[in-house]
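# Fold the following and give me the result.
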Amino acid sequence: MKRYEFIDKHRGEFPVQRMCEVLSVSASGYYAWRSRPVSTRAQENQRLTAEITAVYEASRKTYGSPRIYQELAARGRSVSQNRVARLMRTGNIAVKRKKKRKITTDSRHDYPIAPNILNRNFTAERPNQKWVGDITYIPTTEGWLYLATVMDLFSRKIVGWAMEPTLESGLVEKAFLMAAQNRKPPKGLLHHSDRGSQYAGDLYRQLLADYNSIVSMSRTGNCYDNAAMESFFSTLKCDQVHAQNYLTRREAKTDIFGYIESFYNPIRRHSSIDYLSPVEFERLYYNNFASLTVHFFRGGPMRQLCQAAKNKLGVYQRTGDPVVLLSLTKRLESLKNGLADVERSTSSYEKELEEYRALAGVSQVINSSFAAIPLLPS
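Numbering: from 1, shown residues only. Predicted coordinates for the structure are as follows:
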C-alpha cells in the first residue's frame with residue numbers, strides 16, 4: 001500500500017512503469033489500487049487532516065498534537081490525541097524548533113538581594129497574587145531591542161510589557177507600571193525576578209515598595225527559579241521572533257505587540273491552565289467568583305447570618321444590657337450596609353472581594369460575641 005502511495009505521489013516526476021520495477025510491484029496492481037474507491041476511514045482522515053492543518057496555521061504553526069487535540073475538542077470534534085499526532089506525522093505537520101537564548105542578567109552589583117520566596121512555586125490561587133518579571137532581547141538590523149515583561153502566574157497572562165533599545169532606559173519600571181495600572185494589585189503582591197541590576201536597583205525596589213509588594217529573587221545563575229517567564233520567552237521566540245527578520249526596532253515592537261495582545265493572551269492554549277488561554281482562564285475564574293458572590297450575599301449564608309443576628313438581638317434586647325445591645329446593633333448595621341452595597345453591583349469583582357473580606361471579618365466578631373454570651377430563654 002505504501003509503495004503504491006509513493007508511486008502515486010511521484011508519478012508526475014518519474015515513469016510509473018520504472019517506479020513499479022524498482023519497487024517490485026506490478027503496474028497493473030498499481031492501477032487497480034488507484035481505481036479503487038477511497039474508504040470511509042481514508043475520507044475521514046482527509047477531512048480531519050484538513051481541520052488539523054487549519055488549526056496549525058491559525059496557531060501560527062506553533063501547536064503540536066496536544067494543543068491541536070484540545071482545540072479540536074473545544075470545537076466539538078471527537079478524536080483521540082494519538083490519531084491527531086499520527087495524521088500530523090503523515091502530513092509532515094511539525095512545530096517550530098527552539099533555539100538557545102542570550103543571557104541578559106547582570107548580577108555584578110552591590111544592590112541588596114531579596115531571598116527566593118517564590119521558591120519555584122509557580123501556582124497562584126487568584127489573579128494578582130504572584131507576578132514574575134524578566135528581560136530578553138530581540139535581534140533587529142538596527143541592533144538589539146530589549147523586552148521586559150510581567151506575568152501573572154495565576155493565568156500566565158502577560159499583564160505588563162515594555163520595549164526599549166537599551167537596558168538603562170527605565171525598561172523594567174515601565175513594564176511594571178503598565179501592569180500595576182491595568183491590574184491594580186492588592187497589598188502583599190509577591191513579585192519575583194532575577195537578581196540583575198535592573199531589578200535590584202534602588203528605583204525598581206522603591207517602585208515595588210510603593211505598591212506594598214513582597215520582593216523575591218532567583219538564586220545566582222539559576223534560570224529555573226524563574227522558569228515560567230523563561231518558558232514565555234522561549235515560546236515567544238519559537239512562535240514568532242525566529243521566523244522574522246526585523247529591519248527596524250519599530251517593526252519588531254509592532255510584531256511583538258500583536259503577538260502578545262492578539263495571540264498569546266487571548267488565544268494561545270497553555271498546558272499549565274487546562275489548555276485554556278490566559279484570557280479565557282481568567283474569564284472563567286471571575287464568572288465563577290461572581291456566581292459564588294451572588295449566592296453568598298443575595299441568597300445564601302450572608303442573609304442567614306443577618307436573620308440569625310436579628311433573632312438573637314431580639315433575645316438580648318429583652319435583657320436590657322445596653323453595652324451588648326449597642327455592640328451587636330452596630331455590627332448588624334455594618335452587615336446590612338455591606339449587603340446592600342454588594343446587591344447594588346455585582347460586576348466589579350475586586351470590589352466584591354474586598355466587601356466579602358470586610359463582611360467576613362465582621363461576621364466572625366458577631367459569631368464570637370454570640371458564642372460568648374449564653375442565649376436567654378424567650
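# hey, where'd the strands end up in the protein?
Along the chain, counting by DSSP state E, strands occupy 130-140, 143-152, 157-164, 190-193, 214-217.
# Buried deepest among the ones you listed, which one?
Of the strands of the chain, the one with the most neighbours on average (mean count of other CB atoms under 10 Å) is strand 190-193, at a mean of 26. For every residue, glycine as well, the C-beta is placed using N, CA and C.
# so what's the closest residue to Tyr69 other than its chain neighbours up against?
In this structure, Tyr69 finds its nearest non-sequential neighbour in Gln81, 4.1 Å apart by CB to CB, 6 or more residues apart in numbering. By CB atoms under 8 Å, 6 or more residues apart in numbering, the contact set of Gln81 is Ser65, Pro66, Tyr69.
# measure Gln81 to Arg41 for me?
Distance check for Gln81 against Arg41: by CB to CB, to the nearest Å, it reads 18 Å.
# Just the buried ones from the contacts of Gln81?
Among the contacts of Gln81, those that count as buried by neighbour count (16 or more other CB atoms under 10 Å) are Ser65, Tyr69.
# Just put the contacts of Gln81 in a markdown table and tack on pLDDT and distance to Val25.
Output for those, formatted as a markdown table (pLDDT from 0 to 100; distance: CB to CB, whole Å):
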| residue | pLDDT | distance to Val25 |
| --- | --- | --- |
| Ser65 | 86 | 32 |
| Pro66 | 87 | 38 |
| Tyr69 | 87 | 36 |
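# which one among the contacts of Gln81 gets closest to Asp134?
Checking the contacts of Gln81 against Asp134 by CB to CB gives Pro66 as the nearest, at 25.3 Å.
# Tell me if I'm right that that closest one and Tyr275 touch.
Yes: counting by CB atoms under 8 Å, Pro66 touches Tyr275, with 7.4 Å between them.
# CA atoms only for stretch 82-94, dumped as PDB, please.
What follows is stretch 82-94, C-alpha atoms only, in PDB (Å, rounded to 0.1, in the frame of the first residue of the first chain):
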ATOM      1  CA  ASN A  82      -2.800   9.700  19.200                       C
ATOM      2  CA  ARG A  83      -4.700  10.000  15.900                       C
ATOM      3  CA  VAL A  84      -4.000  13.700  15.700                       C
ATOM      4  CA  ALA A  85      -0.300  13.000  16.200                       C
ATOM      5  CA  ARG A  86      -0.300  10.200  13.600                       C
ATOM      6  CA  LEU A  87      -2.000  12.400  11.000                       C
ATOM      7  CA  MET A  88       0.400  15.200  11.700                       C
ATOM      8  CA  ARG A  89       3.300  12.900  11.100                       C
ATOM      9  CA  THR A  90       1.800  11.600   7.900                       C
ATOM     10  CA  GLY A  91       1.100  15.100   6.700                       C
ATOM     11  CA  ASN A  92       4.500  16.400   7.700                       C
ATOM     12  CA  ILE A  93       2.900  19.000  10.100                       C
ATOM     13  CA  ALA A  94       5.600  19.900  12.600                       C
END
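# Identify the residues contacting it?
Asn45, Leu48, Thr49, Ile52, Thr53, Tyr56, Gly64, Ser65, Ile68, Tyr69, Leu72.
# For it, buried residues please.
Buried residues in stretch 82-94 (16+ other CB under 10 Å): Val84, Ala85, Leu87, Met88, Gly91, Ile93.
# can you list the domain ranges for this protein.
Following automatic domain parsing, one gets these domains for the chain: 2-90, 130-268, 280-372.
# what about the residue lying closest to Phe122 once chain neighbours are set aside, how many residues close to it?
Excluding the flanking residues, the one nearest Phe122 by CB to CB, 6+ apart is Ala228, at 4.7 Å. By the criterion of other CB atoms under 10 Å, Ala228 has 19 neighbours.
# gap between the residue nearest to Tyr69 and Glu71?
From Gln81 to Glu71 the distance is 11 Å (CB to CB).
# which intervals of the stretch 1-150 of the chain have sub-threshold pLDDT?
By pLDDT under 70, the low-scoring segments of the stretch 1-150 of the chain are 1, 96-110.
# change it to 80
1-2, 37-40, 60, 95-111 (pLDDT under 80).
# from the middle of its chain, how far away would stretch 157-177 be?
The chain centroid and the centroid of stretch 157-177 are separated by 19 Å under CA atoms, centre = their mean, to the nearest Å.
# Stretch 218-236 now?
So, by CA atoms, centre = their mean, the centroid of stretch 218-236 is 16 Å from its chain's centroid.
# likewise stretch 151-160?
5 Å.
# Identify all contacting residues around that stretch.
122-133, 149-150, 175-180, 182-183, 228-229, 232, 260, 264-265, 270, 272-273, 278-279, 281-282, 285.
# Surely Ser26 touches Gln17?
No: under the criterion of CB under 8 Å, Ser26 makes no contact with Gln17, lying 10.0 Å away.
# rewinding a little: would you format the domains of the chain as a markdown table with distance to Ala114 included?
Output for the domains of the chain, formatted as a markdown table (distance: least, CB to CB, whole Å):
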| stretch | distance to Ala114 |
| --- | --- |
| domain 2-90 | 34 |
| domain 130-268 | 4 |
| domain 280-372 | 27 |
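# Select, out of the ones you listed, the one closest to Pro112.
The nearest among the domains of the chain, by CB to CB, is domain 130-268 at 6.8 Å.
# okay, now Asn121: neighbour count?
Number of residues near Asn121 (other CB under 10 Å) recorded here: 11.
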